[in-house]
Every structure is written in structure tokens, then in C-alpha cells.
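Q: Kindly return the folded structure for what I paste below:
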Amino acid sequence: MFGNKVLKGVFLVGLGATSYGMLATFVKMAYDQGYTTAEVTSSQFLFGIIGILIINAFQKSRKDNVVIKATRKNITHLMIAGTSTGLTSIFYYLAVRYIPVSIGIVLLMQTVWMGVLLEMFLEKKLPSTTKIIAVIIVLAGTALATNLINTEATLDWRGIAWGLMAAASFTTTMFTANRVALGISSAQRSLYMLLGGGIIVLTFALITQNTPFDVSIFLKWGIVLSLFGTIIPPMLLNAGFPLTGIGLGSIVSSLELPVSVLMAFFLLNEEVVLLQWIGIVLIILAIVIMNVKFKKKEI
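A: Numbering: from 1, shown residues only. As a prediction, this is how the structure comes out:
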């Protein structure tokens, strides 16, 4: 039974990461239309909060569904934890202002080893050999999948710093999804985390938006960005990470990278060379190895 729960968690986290992978292409398309980081993140979080509110209302209206109400302590902890969700979006979007998107994705994927390292400190035990090997394969695949080896771009230290901060913030999000207020529904947890993230995003927008806010972003991209950035991923990650743990969840979440490459290939017509496809295969292989070994141990 526990093995089935882990596999369910892997499936949920994988779908959540896939949604994040799709988001990157949509954000780039919005940027190409001249929208700012503040406009993109604001529309994403506003519609995301509205969407999660609707989901919560639907769950409460179901007669056969008993919803455990969040306590004030739950709400406070989740809103504080949710600040990392807003910071992750802000840090990552700032990073790609100074460095290529492919490098930004590589930096964001440092959540793989950060997550395993965090789990090691929290659980006070060394990661398994299988997990270490999987992390190494994922990192090698990431370098190939982003064509990092062939890039000749000059790296701006500001972009590297923002990218690593995004990875650290996303690792924090994984931690909170695995530990905070597990007794209430995923929809409630997602709502209060988004509210916390929304406060951060609103503050960022007020400070950085030095031109008139283009409200057309809400109609053109708001719903799409919120679905793939603030509704589907948090719901699935909040439901999946308690079942997988931080380390395994971090590795599964690396699916975001191959999905990003595929979306860019099909929708943005970006060139994807053979080395990148090899990297994608390596990442998927690492995920398969991780789960097969994990399942054998638990069953």
C-alpha cells in the first residue's frame, strides 16, 4: 500500500512539474508581446487565487465531501510558506533578464541536489546510493538538455545569483509542501500559499513597475499563466510531495526541463540538437531508475 502511495505521489509531482515546464514557453511568448515581469507575475497570481477560490468553493459545496477547516495557525504558516512561491517566480524571471533561458533553467534545476541535501539534514541520514546516482544523472542530463556545453554566452553574475536564489526558493516551496498543514485539503493549502506569494508579487510590482500597467495582460495571458503557473502545479505538488518526500520529489520535478525543451521546440520553433535530446533521455532514465529502486525497497 505504501508503495502505491509513493507512485501516486510521483505521478502528481510529475504532472505539476510538467505544468511548470509548459509555463516557461507561455511566459516567453508574453514577454515577446512587450509585457513586463510585474505584469506577468501579477496576472498569474491574481487569476490563480481566483481559480483556487473557485475550487475550494466547489469542494465545500459537495455533500459527500467533508472539508477540514484550516486553523489560524495553519493559515499563518501557509501564507508565510507561500512567500517562497512568489519569490521563486520573481527570482527566476529576474534571472533570465541577465542570462539565457537555457542557463536559467539549469540553475533552477539545482533544486535536485538542494532538495536531497535538505532532506539529508532534516532526516539526519545520508541519501541512498541510488538517490545519489540519480541526482548525478539528472545534473548531467540537465547540462546536455539545455545545450550548456555548446553555449558561448557570457554569463552575467547577477543572472547566476538570481537563478540560484530561485532554486533555493523553489526548494523551500518543496519543503513546505511536504511539511506544513498536511491535515487540510490541497486546495486550501494552495490558496493560502498563493495568498502569501501574491503579497510578495504585489509588493514587487508596486516597487518595480515604472510604466502604466498594461491591463490587457489579464485577458491575453492571465488565465493561461495562472493555470500552468499557480493553479495546477501547487495543487498537484501539495498533494504529491507528502507522498514522495523532498528528495524523490525533487528528482521527479526535473521533468520540468524536458517539457520546457519540447514546448520550445514545438511552439517557439527553437532548435533542439542531438545532445539536448540525449539529455532529456538521461533525465527520464534517472527518474525511472529512482522509482524502480524505491518501489522495490518499500513493497
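Q: so where's the stretch 51-200 of the chain shaky on pLDDT?
A: 63-65, 151-154, 177-178 (pLDDT under 70).
Q: which residue ranges form the helices in it?
A: 72-98, 101-108, 111-123, 129-145, 157-179, 186-208 (DSSP state H, counting those that start in this stretch).
Q: So what's the gap between the fourth one and the chain middle?
A: With C-alpha atoms, centre = their mean, to the nearest Å as the basis, the distance from the averaged C-alpha position of helix 129-145 to the chain average is 18 Å.
Q: Same question for the third one.
A: Its chain's C-alpha centre and that of helix 111-123 lie 16 Å apart, by C-alpha atoms, centre = their mean.
Q: which strands and helices sit next to it?
A: Counting contacts by 3 or more C-beta pairs under 8 Å, 6 or more residues apart in numbering; DSSP states H and E, helix 111-123 packs against helix 129-145, helix 157-179, helix 246-252. Glycine gets a C-beta too; all of them are placed from N, C-alpha and C.
Q: How about F218: what's its closest non-neighbour residue?
A: Spatial nearest neighbour of F218, chain neighbours left out: S43 (5.0 Å); criterion: C-beta to C-beta, 6 or more residues apart in numbering.
Q: What average pLDDT does the lengthiest helix in the chain get?
A: The longest helix of the chain (DSSP state H) is helix 2-32. Averaged over helix 2-32, pLDDT sits at 85.
Q: so what does that helix touch, helix or strand wise?
A: If you count contacts as 3+ C-beta pairs under 8 Å, 6+ apart, helix 2-32 packs onto helix 37-61, helix 101-108, helix 223-226, helix 232-244, helix 246-252, helix 256-267, helix 274-298.
Q: Check what pLDDT E298 gets.
A: 46.
Q: In contact with L202, which residues are there?
A: S42, F45 (C-beta atoms under 8 Å, 6 or more residues apart in numbering).
Q: That one and T83: what is the separation?
A: 12 Å (C-beta to C-beta, to the nearest Å).
Q: now do I278
A: As judged by C-beta to C-beta, I278 and T83 stand 38 Å apart.
Q: Can you pick out the residue with more neighbours from those two?
A: Neighbour count, other C-beta atoms under 10 Å: between I278 and T83, T83 has more, with 21 against 14.
Q: correct me, but the more buried one touches G198?
A: No - applying C-beta atoms under 8 Å as the test, T83 and G198 come out as separate, 9.7 Å apart.
Q: can you tell which of the helices and strands packed on helix 111-123 is closest to V10?
A: Nearest to V10 among the helices and strands packed on helix 111-123 is helix 246-252 (5.3 Å), distances taken as C-beta to C-beta.
Q: what pLDDT, on average, does the closest one get?
A: Helix 246-252 comes out at a mean pLDDT of 77.
Q: Mind giving me the packing neighbours of that helix?
A: Helices and strands touching helix 246-252, by 3+ C-beta pairs under 8 Å, 6+ apart, are helix 2-32, helix 111-123, helix 129-145, helix 157-179, helix 232-244, helix 274-298.
Q: what's the most buried one of the ones you listed?
A: Of all the helices and strands packed on helix 246-252, helix 232-244 has the most neighbours on average by mean count of other C-beta atoms under 10 Å, namely a mean of 25.
Q: How far does it sit from its chain's centre?
A: Remark: helix 232-244 is offset 10 Å from the chain centroid, using C-alpha atoms, centre = their mean.
Q: Over to stretch 108-115?
A: Between the centre of stretch 108-115 and the centre of its chain there are 11 Å (C-alpha atoms, centre = their mean).
Q: now do stretch 162-179
A: Using C-alpha atoms, centre = their mean, the offset of stretch 162-179 from its chain centre is 9 Å.
Q: try stretch 97-104
A: Here stretch 97-104 is found 17 Å from its chain centre; the criterion is C-alpha atoms, centre = their mean.
Q: Quick one: residues in contact with that stretch.
A: For stretch 97-104, the external contacting residues (C-beta under 8 Å, 6+ apart) are 24, 28, 37, 92, 95-96, 107, 146-148, 151, 153, 155-156, 158-160, 162-163, 166.
Q: please redo it, this time with the cut-off set to 10 Å
A: When contacts are defined by C-beta atoms under 10 Å, 6 or more residues apart in numbering, stretch 97-104 is touched by residues 24-25, 27-28, 31, 37, 91-96, 106-107, 145-148, 150-151, 153-163, 166, 257, 260-261, 264, 270, 276.
Q: Likewise for stretch 113-121?
A: Contact with stretch 113-121 is made by 111, 125-128, 131-132, 134-136, 138-139, 164, 167-168, 170-172, 174-175, 178, 241, 245-251, 253-254, as judged by C-beta under 10 Å, 6+ apart.
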